[in-house]
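I would like the atomic coordinates for the input below:
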Amino acid sequence: MAKAQQIAEIILQGFRKHFQLFQKVTAKAKQRFELADWRAYQQDSSERISFYDQRVAETVTALKQAMPSDCLNEPLWQQVKQQYLQYLLFHPQAELAETFYNSVFCRLFARKYYHNQNIFVESTLNLQHLPAPISSVYQSYFPAQDGLKQSIRQIVADFAFSTPFINLERDIRYIVKSFITQSAHGRYPVHQIRFDMLKSVFFRNKAAYIVGRVVTPDGQQPFIIPLLHQQGAGLYLDTLLTDPQHMSIIFGFSRAYFMVQCPVPSALVHFLRELLPHKTLAELYASIGLHKQGKTEFYRELLSHLTKSHDQFVAAPGIRGMVMMVFTLPSFPYVFKVIRDKFAPSKEFDRATVKARYLLVKKHDRVGRMADTLEYSDVALPRSRFTPELLAELEQSIQGSLQFEDDLVIIKHLYIERRMVPLNIYLEQASDDDKAVIMNDYGNAIKEMIAANIFPGDMLLKNFGVTRHKRVVFYDYDEVQYLLDVNFRAFPKTDNFEDAINAEANCYAAPGDVFPEQIATFVTPQPQIRQLLFSKHPELLDASYWRAKQQAIRDGIVDDIFPYPDKLRFCLRYANSNQ
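Got it, this is the predicted structure:
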């Protein structure tokens, strides 16, 4: 028992170090926002993603140094788990500590030991036994005491921003006006209203988000108030969001993780789930930066779904990828991607490059246009759930990543993403009006990615998907690179058509050279679709436009990319209002 206690304490110590460092860098977000230090914020956000794996590696090293070799045996580690459980009884981050334990164990033991006697396949945490009540993460405000405007004024004041507001009284008037027109509370007097506000601000990119709900006799309505910082002028409340779709997009899978203080993550996540019931625990944990916990919750969701469903994995619809083999379970809204053993000749890179590019996107600002990926090793799935056709295709294309154990299919390295309708398939089924809207959004997606210093590389329509909110999102990262690493060139100008054709055919292209004029040729062969895109975004064909974006990045300019429509912003809605 002494050995078991020692091992459990080393693991818990490693977790404590991880979470302390995680909270420390997260706490910097408020100051970054107040100082408008966007580059430093981006650096913090990117580096934080690596913290978990670094601490797990340190803990594994500490265990190997402290333990004799005979400590790697299953009976002892079952005692370790029981001892560790005692430490988690009232631990404020119990579910995160469980996941950390799992990660350490899986670094030390082979896959055959991954079952609930040894690791936390099932969590010991449930809604009835949270480390702290959900009410601990929010503060309630009662307009009946001070009036509606004063309650909103107090909410903002309690977050104690050191940077002054440009015109807070004007913003509060806008908030009240919007509440009355948008929310259910407009039908009730102030003595029948309560605001429940999360105590932590959600920071991401150039914005801070205040999140809460208004409670009335009809029930509750969630809302979000984005705050922005106009450099050199001060802070302002940008809008009031009450539409569930807008809120869902803000917490969506195509955006960077929030920086938000969460001493009791389970309470924060369960409050968010009350506001956003369509979001899973996995999605919500990931959205607040706890992406490893998101992976744990997702795997539990997958195992639960497999026990409740009967359909089989099949190849994902659409054109087969030249780098990834992709399959899906029709009843489960995700796709499973495995790197092929051999790439098409046009793909002049290797497996390590692909993995590095997926990690690049993971650590980068995804600006609402790049899908998040969950990366797993040694994933075991029931062989009976694969169609014979898919199994044959997997054996042919990913044999190096595949093995069979009894009735299980083991995939050694796997990426999982939210399933979307491939853009090329969406366009085949869309009306002319929908085609125009979605191709305009495709152009916006390209522009927003390049503003974030991302060049997608392969811009074929099949590499983009359409979400349930009708947003275009990129999901194929094998050719992704930083925009600054690309050399944008234009073909020589001539008035003679034949000379122009010859110039394009004979123009020498060095590695890293890109000719934007060729985008029209490569994106799609359909003239109608090309016209819809370039009638709205003709600058995408101009090399000087891309070079100007590169220069803006070099100059430290971080573009404003709002996760909600411009028409909702107070500065546009009330531009001519004196109220």
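
rest of the way, CA atoms for contacts and neighbours
OK.

where does the stretch 151-300 of the chain have low pLDDT?
183-188 (pLDDT under 70).

Could you pull out the strands in it for me?
Taking DSSP state E, counting those that start in this stretch as the criterion, the stretch 151-300 of the chain carries its strands at 194-198, 202-204, 207-216, 219-230, 234-237.

buried stuff in the helix ranked longest in the chain?
Counting residues, the longest helix found in the chain (DSSP state H) is helix 2-34. Going by neighbour count (16 or more other CA atoms under 10 Å), the buried part of helix 2-34 is 3-4, 6-12, 14-16, 18-19, 21-23, 25-26, 28-30, 32-34.

Can you add distance to Ile319 and give the strands of the stretch 151-300 of the chain back as TSV?
Formatted as TSV, these follow (distance: least, CA to CA, whole Å):
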stretch	distance to Ile319
strand 194-198	45
strand 202-204	35
strand 207-216	38
strand 219-230	39
strand 234-237	45
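
next SSE after the helix or strand of the chain with the lowest mean pLDDT?
Within the chain, no helix or strand scores below helix 497-506, which has a mean of 53 by mean pLDDT, DSSP states H and E. Once the chain leaves helix 497-506, the next helix or strand it forms, by DSSP states H and E, is strand 513-514.

helix or strand right after that following strand?
Following strand 513-514 in sequence, per DSSP H and E, is helix 519-523.

low-confidence ranges in the stretch 451-579 of the chain?
In the stretch 451-579 of the chain, residues with pLDDT under 70: 494-509, 575-579.

re the thing from before, the longest helix of the chain vs strand 219-230, what angle?
If you take axes from the mean of the first three to the mean of the last three CA atoms, to 10 degrees, helix 2-34 sits at 60 degrees to strand 219-230.

For Gln261, which of the strands of the stretch 151-300 of the chain is the nearest?
Across these, Gln261 has its closest neighbour in strand 202-204 (8.0 Å, CA to CA).

And for the closest one, what's in contact with it?
29-30, 33, 208-211, 256-260 (CA atoms under 8 Å, 6 or more residues apart in numbering).

Could you do stretch 48-55 as well?
Outside stretch 48-55, the residues that reach it (CA under 8 Å, 6+ apart) are 14-15, 17-18, 21-22, 25, 289, 292, 363.

Need the worst-confidence member of these.
In terms of pLDDT, Lys363 ranks lowest among the contacts of stretch 48-55, with 94.

Surely it and Gln43 touch.
No: the pair Lys363 / Gln43 is not scored as a contact, 9.4 Å apart, by CA atoms under 8 Å.

The two - which one has more neighbours?
Lys363 (20 against 12; other CA atoms under 10 Å).

chain center to stretch 46-65: distance?
22 Å (CA atoms, centre = their mean, to the nearest Å).

Just confirm Gln403 is within a strand.
Yes: under DSSP: H, G, I helix; E, B strand; the rest coil, Gln403 sits within a strand.

Neighbours of it, how many?
Gln403: 15 neighbours (other CA under 10 Å).

Which residue is the nearest non-sequential neighbour of it?
Ile410 (5.2 Å; CA to CA, 6 or more residues apart in numbering).

Can you give me every residue that contacts that neighbour?
378-381, 402-404.

How about Pro133, nearest residue that isn't a chain neighbour?
Pro133 sits nearest to Ala267 (CA to CA, 6+ apart), 6.3 Å away.

Run a quick check on that neighbour versus Asn126, I expect a contact.
No: using CA under 8 Å, Ala267 is not in contact with Asn126, being 10.8 Å away.

Name the residues of stretch 521-536 that are buried.
523-524, 529-530, 532-534.

Among the residues you listed, which are located in helices?
Using DSSP H, those in helices are 523, 529-530, 532-534.

Can you name the two of these that sit furthest apart?
Using CA to CA, these span at most 12.1 Å, a distance reached by Val523 and Leu532.

Now the one helix or strand Gln145 maps to: average pLDDT?
For Gln145, the host element (DSSP H and E) is helix 143-146. Helix 143-146 carries an average pLDDT of 84.

picking that back up, more neighbours: which of Ala267 and Asn126?
The neighbour comparison of Ala267 against Asn126 (other CA under 10 Å) goes to Ala267, with 23 against 10.

if I pick the more buried one, what's in contact with it?
130-137.

rerun that using 10 Å as the cut-off
Ala267 is in contact with 92-93, 127, 130-138, 273, counting by CA atoms under 10 Å, 6 or more residues apart in numbering.

Put the alpha carbons of stretch 456-471 into PDB.
Only the C-alpha atoms of stretch 456-471 are listed here, as PDB (Å, rounded to 0.1, in the frame of the first residue of the first chain):
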ATOM      1  CA  PRO A 456      -5.000  26.500 -46.900                       C
ATOM      2  CA  GLY A 457      -2.900  25.300 -49.800                       C
ATOM      3  CA  ASP A 458      -5.400  23.000 -51.500                       C
ATOM      4  CA  MET A 459      -8.500  25.200 -51.900                       C
ATOM      5  CA  LEU A 460     -10.600  22.600 -53.800                       C
ATOM      6  CA  LEU A 461     -14.300  22.700 -52.700                       C
ATOM      7  CA  LYS A 462     -14.100  19.100 -51.500                       C
ATOM      8  CA  ASN A 463     -11.800  20.200 -48.700                       C
ATOM      9  CA  PHE A 464     -14.400  22.500 -47.200                       C
ATOM     10  CA  GLY A 465     -17.600  21.600 -45.500                       C
ATOM     11  CA  VAL A 466     -20.900  23.300 -44.700                       C
ATOM     12  CA  THR A 467     -22.100  23.300 -41.100                       C
ATOM     13  CA  ARG A 468     -25.600  23.000 -39.800                       C
ATOM     14  CA  HIS A 469     -25.500  26.800 -39.400                       C
ATOM     15  CA  LYS A 470     -24.600  27.200 -43.200                       C
ATOM     16  CA  ARG A 471     -21.100  28.300 -42.500                       C
END
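
and Ser45, how far is that from Phe120?
Using CA to CA, to the nearest Å, we find Ser45 at a distance of 28 Å from Phe120.

For the two, indicate the residue with more neighbours.
For Ser45 and Phe120, the more surrounded residue by other CA under 10 Å is Ser45, and the numbers stand at 24 against 19.

returning to what we had before: which of the contacts of strand 202-204 lies at the shortest distance from Leu427?
Of the contacts of strand 202-204, the one sitting nearest to Leu427 (CA to CA) turns out to be Ala256, at 27.7 Å.

What is the neighbour count of the closest one?
A count of neighbours around Ala256, defined by other CA under 10 Å, yields 29.

for Leu89, same thing?
With other CA under 10 Å as criterion, Leu89 counts 14.

Val466 too?
Val466: 22 neighbours (other CA under 10 Å).

Return the member of the contacts of stretch 48-55 nearest to Ile425.
Lys363 (29.4 Å).

need the contact list for that closest one.
Contacts of Lys363 by CA under 10 Å, 6+ apart are 42-43, 45-50, 256-257, 357, 372.

hmm, try it at 7 Å
46, 49 (CA atoms under 7 Å, 6 or more residues apart in numbering).

Look up how far Val269 lies from it.
From Lys363 to Val269 the distance is 22 Å (CA to CA).

Help me confirm that Gln93 comes into contact with Cys262.
No: the criterion here is CA atoms under 7 Å, and Gln93 misses it with Cys262 at 9.3 Å.

Which residue, other than its chain neighbours, is closest to Asp560?
Nearest non-adjacent residue to Asp560, counting by CA to CA, 6+ apart: Lys206, 7.2 Å away.
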